[in-house]
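Student: A structural model of the following input is requested.
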Amino acid sequence: MSLDDVGRRGLFLLGCGKMGSAMLQGWLAQGIAPASVWVMDPKPSDWLTGLAAEGLHLNEGVPGAPAIALLAVKPQMMGDALGPVTALGGGETLILSIAAGTPIRYFEEAFGASTPIIRAMPNTPAAIGKGITAITGNAAAGEAHLALAEALLAAIGQTVRLEGEHQMDAVTAVSGSGPAYVFHLIETMAAAGEAEGLPRALALHLAKATVAGAGALAEAASADPSQLRVNVTSPAGTTAAALEVLMDETDGFPPLLRRAVAAAAQRGRELAE
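Tutor: Down below sits the predicted model:
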C-alpha cells in the first residue's frame, strides 16, 4: 500500500495534539488531501478548525475502513477514547499507536489479535521534521504494514525498526524522553555561563547553538562521538579540565545518565502493567 492508497482510503486520527498535528502537517505536505483525513479531538486547535473548512472531517465520527488509524491520545485517556474506534478491528485498517507506555497487547484486546497493530515511539523534534521514531508490530503486521508505517513516519524524520516490543522501554528512555535531557543540558550550560559572568541572553544563545551544532556534526560525521570528543580536546587544555569533571565515574555524566535512562525505562515498564 502506498501513500496514494492512504489518500484514497482515508486516514483517521484519534487525538491531534502536538505530536499528532506534527505528523498530520507532514502528511498533508506529502500530498494527502484534507478531505481524506478524519480527526476526533475534543479540543481541536484553530489550525484543525481551519483545515475543516478545507474539507478535513473534524469530529464527524469514525470512517468505515480507513487505511490507517493513528492513536495519538494520552495513555490515561485511551480507555475512554478508544470505544468507537474498536469497530475498525479485524479489517484492513492498520492501527498505529504513539501512546507511550501502552503495550501492543492492550490494543490486541481492543481490536483483536488478527488486526495489524504497530506501536511507535516518536520524539518531539518531529515538530520540525527532525524526529526519530522506533516501530515494532504484532504478528499480524507484515512487511507491507511496516513499510507503510515507515513511509508515513518519514514525514517527521527518521524511522528505525526494533527487534521486538521488549526494546521499547529502552527506546522511550533514550530517544523518547531524550530531548528533555538535552533541553536541560542547554539550561544548565547557560546557567553555568551566566555564573561565569556572561549575560543571560548571550549564555543561552551560545548554549543552544553549541548543542545544535554539535548534534548536527555528530550525525553528519563518519567518526563516532568518542573520536569527535577527542578531536576537540587538547591535552591539558580547557576542554580536558571540563571533561575531567564530566567524565568522573562516580558523579559525572556516565553514572548520572545511566541512572536517568534506567529510571525512565522502569517507569515505562510500570505504565505498561
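
Student: can I get stretch 266-273 in CSV, CA atoms only?
Tutor: The C-alpha trace of stretch 266-273 is given here as CSV (Å, rounded to 0.1, in the frame of the first residue of the first chain):
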residue,chain,number,x,y,z
GLN,A,266,11.5,1.5,34.6
ARG,A,267,8.7,4.0,34.6
GLY,A,268,7.8,2.8,31.1
ARG,A,269,7.5,-0.8,32.4
GLU,A,270,5.3,0.4,35.2
LEU,A,271,3.0,2.2,32.8
ALA,A,272,2.6,-1.0,30.8
GLU,A,273,1.4,-3.0,33.7
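
Student: where do the strands sit along the stretch 101-250 of the chain?
Tutor: 117-121, 131-137, 157-161 (DSSP state E, counting those that start in this stretch).

Student: describe which strands the first one pairs with in its sheet and in which direction.
Tutor: Okay, so that is strand 117-121. Neighbouring strands of strand 117-121 in its sheet, by DSSP bridges, are strand 94-97 (parallel), strand 131-137 (antiparallel).

Student: list of residues touching the shortest one?
Tutor: Taking contacts as C-beta atoms under 8 Å, 6 or more residues apart in numbering, the residues outside strand 94-97 that touch it are 67-71, 88-89, 104, 107, 111, 115-120, 141, 145, 148-149, 152. C-beta: built from backbone N, CA, C; applies to glycine.

Student: count of neighbours near Ile132?
Tutor: The number of residues packed near Ile132 is 20, by other C-beta atoms under 10 Å.

Student: quick one, what contacts it?
Tutor: Pro122, Asn123, Pro125, Gly157, Gln158, Thr159, Val160, Ser175.

Student: do I have it right that the fifth one meets Ala134?
Tutor: No. Taking contact to mean C-beta atoms under 8 Å, the distance of 9.7 Å between Gln158 and Ala134 leaves them out of contact.

Student: sketch out the low-pLDDT regions of the stretch 1-150 of the chain for me.
Tutor: By pLDDT under 70, the weakly predicted segments of the stretch 1-150 of the chain are 1-2.

Student: at which residues are the helices of it located?
Tutor: Using DSSP state H, counting those that start in this stretch, the helices found in the stretch 1-150 of the chain span residues 3-9, 18-29, 46-52, 75-82, 104-111, 143-153.

Student: can you redo those helices as a markdown table with distance to Ala240?
Tutor: Putting those into a markdown table (distance: least, C-beta to C-beta, whole Å) gives the following:
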| stretch | distance to Ala240 |
| --- | --- |
| helix 3-9 | 50 |
| helix 18-29 | 40 |
| helix 46-52 | 49 |
| helix 75-82 | 45 |
| helix 104-111 | 47 |
| helix 143-153 | 41 |
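
Student: possible to save those helices as TSV with mean neighbour count and distance to Asn231?
Tutor: Formatted as TSV, the helices of the stretch 1-150 of the chain follow (neighbours: other C-beta atoms under 10 Å; distance: least, C-beta to C-beta, whole Å):
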stretch	mean neighbour count	distance to Asn231
helix 3-9	16	41
helix 18-29	20	34
helix 46-52	15	43
helix 75-82	14	42
helix 104-111	19	42
helix 143-153	18	33
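
Student: nearest to Glu273, out of these?
Tutor: helix 104-111 (10.8 Å; C-beta to C-beta).

Student: measure Ala99 to Val232 for me?
Tutor: 40 Å (C-beta to C-beta, to the nearest Å).

Student: the more surrounded of the two?
Tutor: Ala99 (23 against 13).

Student: looking at Gln158 and Ala134, which is more packed in?
Tutor: Between Gln158 and Ala134, counting by other C-beta under 10 Å, Ala134 is the more crowded of the two (23 against 16).

Student: residues contacting the closest residue to that one other than its chain neighbours?
Tutor: Leaving aside its chain neighbours, Ala134 sits nearest to Val171 (4.4 Å; criterion: C-beta to C-beta, 6 or more residues apart in numbering). Val171 sits next to Met121, Ala134, Leu162 when contact means C-beta under 8 Å, 6+ apart.
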